[in-house]
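# need a structure here:
(one chain, ligands or ions: 1)
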Amino acid sequence: MSEFGGFIQDEVANDELDRIEAAYGPLAAAVRELVDATIRSTVPPEEAALALAEVEAVVKRLRAQQMPGPAGVRFNSEGRAWNWGNAVVGLRNAIAPPLEIVHVRSGLAHANVDLGAAYEGPPGLVHGGATALLLDHIMGETAAAAFTRVTFTGTLTMVYRRGTPLGPLRLDARIDREEGRKVWVVASIGDEEGPTVEAEGIFIIPRWAT
Ligand SMILES: CCCCCCCC(=O)SCCNC(=O)CCNC(=O)[C@H](O)C(C)(C)COP(=O)(O)OP(=O)(O)OC[C@H]1O[C@@H](n2cnc3c(N)ncnc32)[C@H](O)[C@@H]1OP(=O)(O)O
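Below is the predicted model of the structure:
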């Protein structure tokens, strides 16, 4: 294994990656269910205590073999890249919705997502930090121009026009302009009535990546 700016070359074969993802993807989906069920359950406390013992047993089973730190962003020489722990798109991260981003072309992307009880801020509405999280990520991927370059968020501005209801939402992002190592991206998240949050960001191609 070797590392470039935190991106790790890890020669796991594609068919082995498929096997791992086929097992861990559904596991993460079940943990997302667990998060939602834990928030919304109305079973008596004694029943919750029994559930705790079962969850602790599962944690123990998974802790039997662990990576020493976070999952990182990895790639192999077969052209595959994976970021299983990513907070927005990570296949193995139950905190990630996960967002499935469609890159229409370089610099233009959208995504549909359904946010449930785990993303609540004000009653019935998405937490303002959660909308910023999702927007930051889709904007970052958009700035990266179909993964042909590395970009980091430099400045992010959010305008919250109205509350974002929990439920089905759509995100849109596009590159507005570029100048040297700076890429301006505009984006929005909203429901069927239109945008609820509009964002503008300056994404920087770091000096070390040029
Ligand atoms: C595909 C993966 C998608 C990932 C999506 C998620 C996106 C993220 O959340 S990234 C994580 C959050 N962001 C960070 O942690 C970034 C932390 N900051 C840094 O690493 C650095 O400060 C970095 C990379 C932004 C800039 O560093 P560096 O390359 O040394 O910039 P530097 O040479 O000083 O400046 C280059 C240009 O950018 C401008 N610039 C630098 N920092 C900023 C900033 N924060 N905001 C606006 N402009 C900036 C400079 O003014 C300069 O402009 P000009 O060329 O006109 O003079």
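# Which parts of this structure are helices?
For the chain, applying DSSP state H gives helices covering 14-40, 45-63, 128-143.
# Flag every residue of this structure that's near the ligand.
Those residues of the chain that sit near the ligand, judged by CB under 6 Å from any ligand atom, are 136-137, 140-141, 144, 152-155, 180-182, 202, 204, 206-207. From N, CA and C alone the C-beta is placed, and that goes for glycine too.
# Using the record's assignment, carve this protein into domains.
1-96, 99-209 (automatic domain parsing).
# Need the winner for burial among those.
domain 99-209 (a mean of 17; mean count of other CB atoms under 10 Å).
# so how far is that one from its chain's centroid?
Centroid separation for domain 99-209 versus its chain: 11 Å, with CA atoms, centre = their mean, to the nearest Å.
# now do stretch 78-90
9 Å.
# Using PDB, list the CA coordinates for it.
The C-alpha atoms that make up stretch 78-90 are tabulated as PDB, following Å, rounded to 0.1, in the frame of the first residue of the first chain:
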ATOM      1  CA  GLU A  78      -7.800  -1.800 -12.000                       C
ATOM      2  CA  GLY A  79      -9.300   1.800 -12.100                       C
ATOM      3  CA  ARG A  80     -11.600   1.400  -9.100                       C
ATOM      4  CA  ALA A  81     -11.800   3.900  -6.200                       C
ATOM      5  CA  TRP A  82     -13.800   3.500  -3.000                       C
ATOM      6  CA  ASN A  83     -14.500   5.700   0.000                       C
ATOM      7  CA  TRP A  84     -16.600   3.500   2.200                       C
ATOM      8  CA  GLY A  85     -16.500   5.700   5.300                       C
ATOM      9  CA  ASN A  86     -17.400   9.000   3.600                       C
ATOM     10  CA  ALA A  87     -20.000  10.900   5.600                       C
ATOM     11  CA  VAL A  88     -22.300  11.500   2.600                       C
ATOM     12  CA  VAL A  89     -21.700   8.800   0.100                       C
ATOM     13  CA  GLY A  90     -19.900   6.100   2.100                       C
END
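# ok, residues contacting it?
Applying CB atoms under 8 Å, 6 or more residues apart in numbering, the external contacts of stretch 78-90 come out as 13-14, 17, 21, 24, 28, 70-75, 91-93, 95-101, 133-134, 136-138, 147.
# got the contact list for the nearest residue to Gly163 once chain neighbours are set aside?
Nearest residue to Gly163, sequence neighbours excluded (CB to CB, 6 or more residues apart in numbering): Leu125, at 4.1 Å. Contact partners of Leu125, counting by CB under 8 Å, 6+ apart, are Gly163, Thr164, Pro165, Leu166.
# Just give me the closest of the residues you listed to Leu115.
Nearest to Leu115 among the contacts of Leu125: Leu166, at 5.4 Å, using CB to CB.
# Pretty sure that closest one sits against Glu120.
Yes. Using CB atoms under 8 Å, Leu166 is in contact with Glu120, at 6.2 Å.
# Touching both of these two, which residues are there?
Joint contacts of Leu166 and Glu120 (CB under 8 Å, 6+ apart) are Val126.
# export stretch 21-32 as CSV, just CAs?
Only the C-alpha atoms of stretch 21-32 are listed here, as CSV (Å, rounded to 0.1, in the frame of the first residue of the first chain):
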residue,chain,number,x,y,z
GLU,A,21,-19.5,-4.4,-0.8
ALA,A,22,-22.2,-7.1,-1.3
ALA,A,23,-21.9,-8.0,2.4
TYR,A,24,-21.2,-4.6,4.0
GLY,A,25,-23.6,-2.5,1.9
PRO,A,26,-26.7,-4.4,3.3
LEU,A,27,-25.1,-4.3,6.8
ALA,A,28,-24.8,-0.5,6.7
ALA,A,29,-28.4,-0.3,5.3
ALA,A,30,-29.6,-2.4,8.3
VAL,A,31,-27.7,-0.1,10.7
ARG,A,32,-29.5,2.9,9.1
